[in-house]
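*Asks:* structure, please.
(chains A, B, C and D)
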4 protein chains.
Amino acid sequence: MKNNPGDAVVEEVEVSGHIIDSLLLPKILDSVITRGGQFRIVEINIGQQRNDPSYARVEVSAGSREQLERILAEIADHGAVSIHAEDCRLIAADVNGAFPEGFYSSTNQRTEVRVAETWVPVDLQEMDCGITVDVESGTAACVPMSDVVIGQPVIVGHVGVRVFPEQRDRGHTQTFEFMDSAVSSEKPKRLAARQVAKWLVEAKRNGGQSLIVGGPAIVHTGSTGYICELIRRGYIHRLFAGNALATHDIEQSLYGTSLGVNIEHGEIMQAGHEHHLRAINTIRRCGGIQPAVERGILTSGIMYECVQNGVEFLLAGSIRDDGPLPDVITDSLDAQRQMRKGVRGVTFCLMLSTMLHSVAVGNLLPASVRVVCVDINPSAVTKLSDRGSFQTIPVVTDVEPFLRALVDEIAKLDLWEVQVETQS
Amino acid sequence: MKNNPGDAVVEEVEVSGHIIDSLLLPKILDSVITRGGQFRIVEINIGQQRNDPSYARVEVSAGSREQLERILAEIADHGAVSIHAEDCRLIAADVNGAFPEGFYSSTNQRTEVRVAETWVPVDLQEMDCGITVDVESGTAACVPMSDVVIGQPVIVGHVGVRVFPEQRDRGHTQTFEFMDSAVSSEKPKRLAARQVAKWLVEAKRNGGQSLIVGGPAIVHTGSTGYICELIRRGYIHRLFAGNALATHDIEQSLYGTSLGVNIEHGEIMQAGHEHHLRAINTIRRCGGIQPAVERGILTSGIMYECVQNGVEFLLAGSIRDDGPLPDVITDSLDAQRQMRKGVRGVTFCLMLSTMLHSVAVGNLLPASVRVVCVDINPSAVTKLSDRGSFQTIPVVTDVEPFLRALVDEIAKLDLWEVQVETQS
Amino acid sequence: MKNNPGDAVVEEVEVSGHIIDSLLLPKILDSVITRGGQFRIVEINIGQQRNDPSYARVEVSAGSREQLERILAEIADHGAVSIHAEDCRLIAADVNGAFPEGFYSSTNQRTEVRVAETWVPVDLQEMDCGITVDVESGTAACVPMSDVVIGQPVIVGHVGVRVFPEQRDRGHTQTFEFMDSAVSSEKPKRLAARQVAKWLVEAKRNGGQSLIVGGPAIVHTGSTGYICELIRRGYIHRLFAGNALATHDIEQSLYGTSLGVNIEHGEIMQAGHEHHLRAINTIRRCGGIQPAVERGILTSGIMYECVQNGVEFLLAGSIRDDGPLPDVITDSLDAQRQMRKGVRGVTFCLMLSTMLHSVAVGNLLPASVRVVCVDINPSAVTKLSDRGSFQTIPVVTDVEPFLRALVDEIAKLDLWEVQVETQS
Amino acid sequence: MKNNPGDAVVEEVEVSGHIIDSLLLPKILDSVITRGGQFRIVEINIGQQRNDPSYARVEVSAGSREQLERILAEIADHGAVSIHAEDCRLIAADVNGAFPEGFYSSTNQRTEVRVAETWVPVDLQEMDCGITVDVESGTAACVPMSDVVIGQPVIVGHVGVRVFPEQRDRGHTQTFEFMDSAVSSEKPKRLAARQVAKWLVEAKRNGGQSLIVGGPAIVHTGSTGYICELIRRGYIHRLFAGNALATHDIEQSLYGTSLGVNIEHGEIMQAGHEHHLRAINTIRRCGGIQPAVERGILTSGIMYECVQNGVEFLLAGSIRDDGPLPDVITDSLDAQRQMRKGVRGVTFCLMLSTMLHSVAVGNLLPASVRVVCVDINPSAVTKLSDRGSFQTIPVVTDVEPFLRALVDEIAKLDLWEVQVETQS
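*Replies:* Predicted coordinates for the structure are as follows:
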């Protein structure tokens, strides 16, 4: 679908209105770049005051005619029209209940089409329709796919079509967009795992520090092994959590359960709700997690791997803690001070299913630290952004499969790296 | 807090970088207007190509010194700096663990402060802290409130502080914002009811048409009476719903239950799950809703009020329908065609707790029709926006209290109107 | 709908199978009582071991024939059959696409009907259908309402119909139930507010103590006034919360905003995210909430009313706290100890939009204390129950309208009380 | 931990109160069986009427002393007490802030302990504590772990402890349980995938029919390949879906996007929102899905695999459909009739991310068909159960990782089967 790259094709478009403060011009320029094109601002007049309209003429270039067409089609929806106006192109429908190939697909914005050198408003405006034109009467209207009859003239392509983006609420222009919400649970998540894997590998190679902030759902959902694997492979440098994560991790190591639910079979164990208490009691009797590892009592799990692999862990207390474990910092100001020290040097932070600790750590991190927050609950990530940690990349998914995919991706990258090293 | 309005106070600021495609300039101009100020673009150089930096000098004016200060403080967070640089102002802390009044409150963005005519980077950058300066060594750092000690010099005001918004991901600049997500369930909702009341009143006065698109949760949550009241007061002109809303409304009228739950006591009734079937059967035996009203069988509820008050209702079928009622249009293409006709002339649309019907109607409405969507589930409103109905104003709340508040507000406005009419 | 109460009507039913450990018998007895009937166990044989079937004969009595019929219809769905077997009753359909009045409404459980003194299995079993019988061939089948044709014989009433509840998973019998889930957001919530009002009034009259455990969403959603009203009326005796509720309450009192959002207009204020920090700083400079009230700096809001009305408040710290306020107990073990003392004597506890504090307090309360937990997020209440506080009554709704309704109900009860007192 | 199985150990317990209608006895018997024990009902007196208390004596046996202890500990929490009462056993704490090993862990129910042959009420009742006894004064109280001091006598084991389950609301006794809610998102989900894999394999081996009911999130989340794999391996016999699943599946096959989002890179494509319309248009021009496959236009994806592998598919229409595809049954009554035929012979049904189709199919299925419903939204599964499909097993998780795990598990089982066949 690519032509020879030297042959740039070029088109000039213009846009007017409140193009700066309504974000129209920025959106247009962004679209051009995102779709692989180039732009040059030929002329720009910016209204000096609020009510003055602005005007811009922009030269758009792309590597091929097809690419340029796609760019022009997209920016047309933001109000950018070619300066060389042509009439819209019509093809008669050849099948009942279907459009001709290449049909123009409507938005729900006010639209005009150029018929016999005149701009004509489109009637019955509705998204996801075609546009039919009555050339004689000089009228145009949206038509749904299933209502098309053979012979009906239908617009193809974007030539001769112009869209007027709706202006509302303090002059913000709203543009027609699909799937733009950050927290939709409908987006593919495998990609997120792949991206996080790359950042973890990048941090390790470049001497960065990766921090995990985790909640007990990591243990409840059976994901302990994935975190252990990441620690053993050297991708995790610090762990911030609360009493709950450590307790249930140790409960699982000692009893095979998490909050009384057997991790292997998913059954609720007899008297299982006592296990976490007994686990805490055991560690308190040892004097702490490190002593419990040293005495051979704690022999697996996340906390064990932290001790064995020199990962600094910080457990911050909360009022809902049972026990707590001796390692827990029960004073919240003390905990904040130590977390403040602990985030120095951190270059990547992965937050896993803990609203409390995520917001707490988010408060302490400079915006330059990349943060990914994984939670099955969309409101958890919304809340994090609403508290100022705008740089957070939200991943609305279940933590277990996310971590499973992450370890898979890390394993692939590790393998690839080993091969590269062996060959060189 | 207002000075005499004639005395506009003025300040010039400058901003540079990718200020157009990173949306910085639009944000700054928007902030000025939103906070009641005026702007004049004194000078602007826009990079002609992607990598060329841009520069703008903007004159900001406001009605009072305080207002101007507030505007400057806000746009400073977006990178706009006064062209008359001054040193930051320092006050020694007078209380342990607290800042002086008027302290500068930090963001999590990279920041510099001007000390002895030199811009100095701020160390330990963290949001919601103060900034302390060591004038001798020419260093500055964030300090949390509880760590302040008496005598420590702390920056007050925004003078001599500049912020560098983080650039990431295709040049989009991310700005520091609180409570910016549209779907937070933490926002006050009484205001939303008041606003919707105004729009309903406005539509009625101006001869507009208000459409309700509703799901059965209206009945389940005991909100039938509110819709009836709105109909009787003449605020609803059309109703789009499915078999379920009409069935449970009729079930409630005939049996006092909704899906077998008693609306008055909240108890699950004996054999109550059969009530909706018996309700449908009764209407089918009558031949439809209108005949059932005419024969005196159906004597209350939403559907009854529609018949009595001439509100056009349209019931569209779905595969999960029991029965269905004879009025239900079972063919989805037929239903779409009739909905298409039904939305003509609609000027305001209130969608209540129905994802299926909301998306269906959203698809048909031009963007110029104001839409408010009320749902307790944030993902319902997210989905509506992701399907192109970007103009939708989301209200994440329970439908019953929302409608209760709406009727309250309507009643107040009605009363006020009556008084005005009586007086004139 | 009631006959003269002396004339109890009686019927004997039998049930067999794993009626004890599959919960069938308990469900049947519970249904009888719930629907206003009486039972007498005439005969019972309980299998001594797991695989032995059990058998029970139960006499059911009710005040009227209609009531008895309703009870029998309901317990028939749990497998209870009259010991005097009769053939099912058939009526020919008189309308196409509708059942005769009084039709039997099917479940999705295996069913048999008695035709010519023989029990015949029902074919095409499906819920919410009728049952048609071919008497000649001795066969029966479910038929959907819309497929009925005139003349088709359809079963009416429950006589001659028996249901075999599905057995699955360790012998648990599953019964056919609608709207049984505790956390459905589809239930009417006004009733919940009325019930809570009664409990608050009851506690006040009987010298009980009511505790509110609240999160900052109370303030964010504009509900401050309702809590203040409850305090002033003497219904709240203790308040447990965190730094956030108190901070935003004070922020609202000092600046009119909550987390920077104006409570009256819903607009995001300029530099509003700083307000909570400035509010904390102000209180820290005063030395605490009580001094701030005494010095006339804090003059409204929840914390103010607590001080003025002698409501004991306890603010427990967490690691996400800014500041915190001087009154906050930052050590979680200290906080737990003081909460333990604070819950002594509490007879009613209302938890409002705070998962952290709700679980913490739930851990400390004996099961005999009535607890109502209001949250817009169903998973918050699920979590509370999963942590052992099974007695919690969940109300899935928005906190603002819930409190508005609660204050309304309280006002009515108060008024009524005043009238009663005046008259006596 | 197992003794020789012949040596059954035995203990007799008694329980009294409203043990039938409060579900206490059923819970006790269920616990005994679930934990691997046996029971024999030695004596039972059931109150003939509502207010008569009941009494049961039950012999509990288990394969080992440890197992019996665990059973007794669990049923003790439901009020079952050994008929041979002994005093509670006390051990002095040997570590500050920790209990002795084997400590009794408290519930939040009213509790008594036997001290010097007298039952003494426990003071300060609170869950997850130990119980300390002052033998001299004959008093007992709960003590939190962190408050234990060396020398304090603490109860170990369950001997001499009895619990009185709380009675409330129409006599229902509430028992102390952890993690009992069906829809918690905190449970391990890998196990669910394993179980579903077994059922699919079982259905295939035994000539059963497996039905998938699926929504478009399957495509949006990038899970198309997993469904294709299941079809090719012969595990799916029927597919019920709507226009959306088929459209986005075909969109992905033709354009590589789903709702305009690129499945591989997760990027929003240019003009991508038009892709689904163009996909529908292409199929409409072909006359249907099968012709499109035959003409070589549709060459991959779920619908393609259905055609190639003889999987019957049924697409039911809805009012939010664009197009729709020619294969869609637009009349909802027609669709129901065909679905009714389509579910005959189905033995296992997997519902994936579609509330509308899940409830519709749930309405048609007899309760004997096993149903698993996977949805990231807990309210979707709640709603399914509330509509009568009580047999549904809910899995609250993301559909993509669930299907990934399912295909993994299926592949393992297939491999194992091949090996077994080869060896024999």
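*Asks:* which stretches of chain A form helices?
*Replies:* Using DSSP state H, the helices of chain A run over A:24-34, A:65-76, A:190-205, A:217-220, A:224-232, A:243-255, A:275-286, A:289-294, A:302-309, A:332-342, A:355-364, A:378-386, A:399-423.
*Asks:* what number of residues lie near the closest residue to residue A:309 other than its chain neighbours?
*Replies:* Nearest non-adjacent residue to residue A:309, counting by Cβ to Cβ, 6 or more residues apart in numbering or on different chains: residue A:231, 5.3 Å away. For the C-beta atoms, the positions are set from N, CA and C on the backbone; glycine is no exception. For residue A:231, the count of nearby residues is 21 (other Cβ atoms under 10 Å in any protein chain shown).
*Asks:* and residue A:231, what does it touch?
*Replies:* Residues in contact with residue A:231 (Cβ atoms under 8 Å, 6 or more residues apart in numbering or on different chains) are A:302, A:305, A:306, A:309, A:311.
*Asks:* recalculate using a threshold of 7 Å.
*Replies:* Neighbouring residues of residue A:231 by Cβ atoms under 7 Å, 6 or more residues apart in numbering or on different chains: A:305, A:306, A:309, A:311.
*Asks:* buried ones among those residues?
*Replies:* Neighbour-count burial (16 or more other Cβ atoms under 10 Å in any protein chain shown) is assigned, among the contacts of residue A:231, to A:305, A:306, A:311.
*Asks:* of those, which is the nearest to residue B:25?
*Replies:* residue A:311 (44.6 Å; Cβ to Cβ).
*Asks:* I'd say that closest one and residue A:239 touch.
*Replies:* Yes. Taking Cβ atoms under 7 Å as the definition, residue A:311 is a contact partner of residue A:239 at 5.8 Å.
*Asks:* residues contacting stretch A:276-284, please?
*Replies:* With Cβ under 7 Å, 6+ apart, stretch A:276-284 has contacts from A:247-248, A:250-251, A:254-255, A:259, A:289, A:292, A:297, A:322-326, D:97-99, D:103, D:105, D:128, D:145.
*Asks:* can we see that at 8 Å?
*Replies:* A:243, A:247-248, A:250-251, A:254-255, A:259-260, A:289, A:292, A:297-298, A:322-326, D:95, D:97-99, D:101, D:103, D:105, D:128, D:145.
*Asks:* in it, what's buried?
*Replies:* A:276, A:277, A:278, A:279, A:280, A:281, A:282, A:283, A:284.
*Asks:* got it, and stretch A:361-376?
*Replies:* So for stretch A:361-376, counting by 16+ other Cβ under 10 Å, buried means A:361-367, A:369-376.
*Asks:* and what of stretch A:112-132?
*Replies:* A:112-115, A:120, A:122, A:124-132.
*Asks:* just give me the closest of the residues you listed to chain B.
*Replies:* residue A:125 (4.3 Å; Cβ to the nearest Cβ).
*Asks:* got a list of what the residue lying closest to that closest one once chain neighbours are set aside touches?
*Replies:* Spatial nearest neighbour of residue A:125, excluding adjacent residues (Cβ to Cβ, 6+ apart): residue B:366 at 4.3 Å. Going by Cβ under 8 Å, 6+ apart, residue B:366 touches A:108, A:109, A:110, A:125, A:126.
*Asks:* repeat that with 7 Å
*Replies:* Shown in contact with residue B:366 (Cβ under 7 Å, 6+ apart): A:108, A:125, A:126.
*Asks:* turn those residues into TSV, including distance to residue B:404 and pLDDT.
*Replies:* Listed next are those as TSV, based on distance: Cβ to Cβ, whole Å; pLDDT from 0 to 100:
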residue	distance to residue B:404	pLDDT
A:108	32	87
A:125	35	90
A:126	34	90
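*Asks:* which stretches of the stretch 301-424 of chain A have low pLDDT?
*Replies:* Low-confidence segments of the stretch 301-424 of chain A (pLDDT under 70): A:385-390, A:416-424.
*Asks:* do that again at 90, thanks
*Replies:* Across the stretch 301-424 of chain A, the ranges flagged by pLDDT under 90 are A:355, A:363, A:366-368, A:370, A:375-402, A:404-405, A:412-424.
*Asks:* so how far is chain C from the closest residue to chain D within the stretch 301-424 of chain A?
*Replies:* Across the stretch 301-424 of chain A, the shortest distance to chain D (Cβ to the nearest Cβ) belongs to residue A:401, at 2.5 Å. Per Cβ to the nearest Cβ, to the nearest Å, residue A:401 is found 18 Å from chain C.
*Asks:* try residue A:70
*Replies:* 37 Å.
*Asks:* what of residue A:402?
*Replies:* Counting by Cβ to the nearest Cβ, the gap from residue A:402 to chain C is 18 Å.
*Asks:* what distance do you get for that residue to residue D:353?
*Replies:* As for residue A:402, its distance to residue D:353 is 17 Å (criterion: Cβ to Cβ, to the nearest Å).
*Asks:* excluding covalently adjacent residues, which one is nearest to residue A:15?
*Replies:* Closest to residue A:15 by Cβ to Cβ, 6+ apart is residue A:80, at 4.7 Å.
*Asks:* residue A:16 is in contact with the one you found, correct?
*Replies:* No. Applying Cβ under 7 Å as the test, residue A:80 and residue A:16 come out as separate, 9.9 Å apart.
*Asks:* higher neighbour count, these two?
*Replies:* Per other Cβ under 10 Å, whichever of residue A:80 and residue A:16 has more neighbours is residue A:80, with 29 against 16.
*Asks:* for that one, give its distance to residue A:65.
*Replies:* Residue A:80 sits 18 Å away from residue A:65, going by Cβ to Cβ.
*Asks:* ditto for residue A:125
*Replies:* Residue A:125 is 30 Å from residue A:65, by Cβ to Cβ.
*Asks:* need the winner for burial among the helices of chain A.
*Replies:* helix A:217-220 (a mean of 28; mean count of other Cβ atoms under 10 Å in any protein chain shown).
*Asks:* give me the contact status of that one with chain C.
*Replies:* No. Helix A:217-220 lies apart from chain C when judged by Cβ under 7 Å from any Cβ of the partner chain; the minimum separation is 9.9 Å.
*Asks:* now the helices of chain A as CSV including distance to residue B:150?
*Replies:* Shown next, in CSV, are those (distance: least, Cβ to Cβ, whole Å):
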stretch, distance to residue B:150
helix A:24-34, 48
helix A:65-76, 59
helix A:190-205, 41
helix A:217-220, 44
helix A:224-232, 44
helix A:243-255, 35
helix A:275-286, 40
helix A:289-294, 39
helix A:302-309, 40
helix A:332-342, 18
helix A:355-364, 25
helix A:378-386, 34
helix A:399-423, 46
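*Asks:* right, and the ones you listed - which one's nearest residue A:153?
*Replies:* helix A:65-76 (20.0 Å).
*Asks:* run through the neighbouring helices and strands of the closest one.
*Replies:* strand A:9-17, helix A:24-34, strand A:54-62, strand A:161-164 (3 or more Cβ pairs under 7 Å, 6 or more residues apart in numbering or on different chains; DSSP states H and E).
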